[in-house]
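**Student:** Requesting a structural model of the entry that follows:
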Amino acid sequence: MKDAPFTILSNAPLTNAVYELTLAGDTAGIVPGQFVNVRLPGFYLRRPISVCDRSPGRLTLVYKVVGAGTDALAKRVPGETLDLLTPLGNGYDLTKAGQRPLLVGGGVGVPPLYLLAKELISAGKAVRVVLGFNTKAEVFYEDRFLALGCEVTVATADGSYGVKGFVTDALPENYTYFYACGPVPMLKALCEKMKTEGELSLEERMGCGFGACMGCTHQTKSGPKRVCKEGPVFRKEELLWT
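**Tutor:** Numbering: from 1, shown residues only. As a prediction, the model looks like this:
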C-alpha cells in the first residue's frame, strides 16, 4: 500500500449518475479486483473506488454519484491532483477461471470486471459477460466489453433493454467458473443459483480501507472478515448470508 498523488486526465459522465475518471500516476502492483481510497479536500473519510482499468502510468476509476463526497469528486477537473491509497484489498484469482469463465456485474459492480476481462482475454479464455442494470439509461460499458472480444448479455429490471429481469435471468448454461461484483442482494441470489465455484467482490461502506477500523466486516464460515483487508474478493463457498 502506498499513498501517492495522481493527476486527473479526464472526469466525464457515462450516464446521468456514473462517471469515468482517468488518472496519471503510479499503477504498479494493481491487480483485477483491487480498489483505491481517494482523499477529497473537506471530507474526513476517503472514498473507496474499485479499479476499472490500469496500464503503466494510467488508472481508470468508474464511480456513481451517491452523496456529497462523490458529488465533489464529479466536479474535479483535468490537471488537478488527487491523493490515493493504492492498491488495496485482494483481487480475483485468475488461475481458477478455466476456459469459459463467466463475469457477472450489477450497476457500479461492473467496472472491476473490465480489467479482469482484459486479462482473461489476453490469457486466451472465452469470456462471457452478463451485466445488470435497472433501466436502459443506466447501461454503460457494454461496448467496452464487446470491443475486448467478450460475449455480452445485458439485463434490465424494467425490460427497456436486453433481457427483462435480473442477471440471474440472463445466465448462460455453460461456464467453467464465475466472477461477480454488485449489490449484496444480487450476489446472494447468484450464490443460490450458480452451478460452479466462483468468487464475489463485496461492496461495503468503509472507514479506513486497510483493515484498522473493522467497520466493513462480513460473516464467513471461518468468522468475520474485513472486506477491505481479507476481501473485497471472497470465494462463494466461504460466505455466509444473513
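
**Student:** Surely residue 139 and residue 157 touch.
**Tutor:** No - the criterion here is C-beta atoms under 8 Å, and residue 139 misses it with residue 157 at 11.7 Å. Yep, even glycine has a C-beta here, placed from its N, CA and C like the rest.

**Student:** so what sits against both of those two?
**Tutor:** Common contacts of residue 139 and residue 157 (C-beta atoms under 8 Å, 6 or more residues apart in numbering): residue 133.

**Student:** For the two, indicate the residue with more neighbours.
**Tutor:** Using other C-beta atoms under 10 Å as the criterion, residue 139 and residue 157 rank with residue 139 on top: 22 against 15.

**Student:** Next one: the closest residue to that one other than its chain neighbours from residue 217, what distance?
**Tutor:** Leaving aside its sequence neighbours, residue 139 sits nearest to residue 133 (C-beta to C-beta, 6 or more residues apart in numbering; 5.1 Å). Noted for residue 133: a distance of 29 Å to residue 217, by C-beta to C-beta, to the nearest Å.

**Student:** Neighbour count: the two, which is higher?
**Tutor:** Neighbour tally, residue 133 and residue 217, criterion other C-beta under 10 Å: the higher count belongs to residue 133, 24 against 17.

**Student:** So what sits opposite that one in the bridge?
**Tutor:** residue 156 (DSSP bridges).

**Student:** Name all residues that make contact with it.
**Tutor:** Residue 133 neighbours (C-beta under 8 Å, 6+ apart): 106-107, 139, 154-157, 161.

**Student:** Equivalent analysis for residue 14, please.
**Tutor:** By C-beta under 8 Å, 6+ apart, the contact set of residue 14 is 20, 62, 140-141.

**Student:** just curious, which of the residues you listed is nearest to residue 51?
**Tutor:** residue 62 (9.4 Å; C-beta to C-beta).

**Student:** Now do the closest one: how many residues are near it, please.
**Tutor:** So residue 62, with other C-beta under 10 Å, has 22 neighbours.

**Student:** Then residue 171?
**Tutor:** 20.

**Student:** quick one: what helix or strand has it in it?
**Tutor:** Per DSSP states H and E, residue 171 falls between elements, in no helix or strand.

**Student:** gap between it and residue 50?
**Tutor:** With distances taken as C-beta to C-beta, residue 171 is found 22 Å from residue 50.

**Student:** What pLDDT does the model give residue 213?
**Tutor:** Predicted confidence (pLDDT) for residue 213: 60.

**Student:** show me where the protein has helices.
**Tutor:** Ranges of helices in the chain, per DSSP state H, are 68-74, 112-122, 142-148, 184-193.

**Student:** Residue 164 versus residue 101, what's the distance?
**Tutor:** According to C-beta to C-beta, residue 101 and residue 164 sit 25 Å apart.
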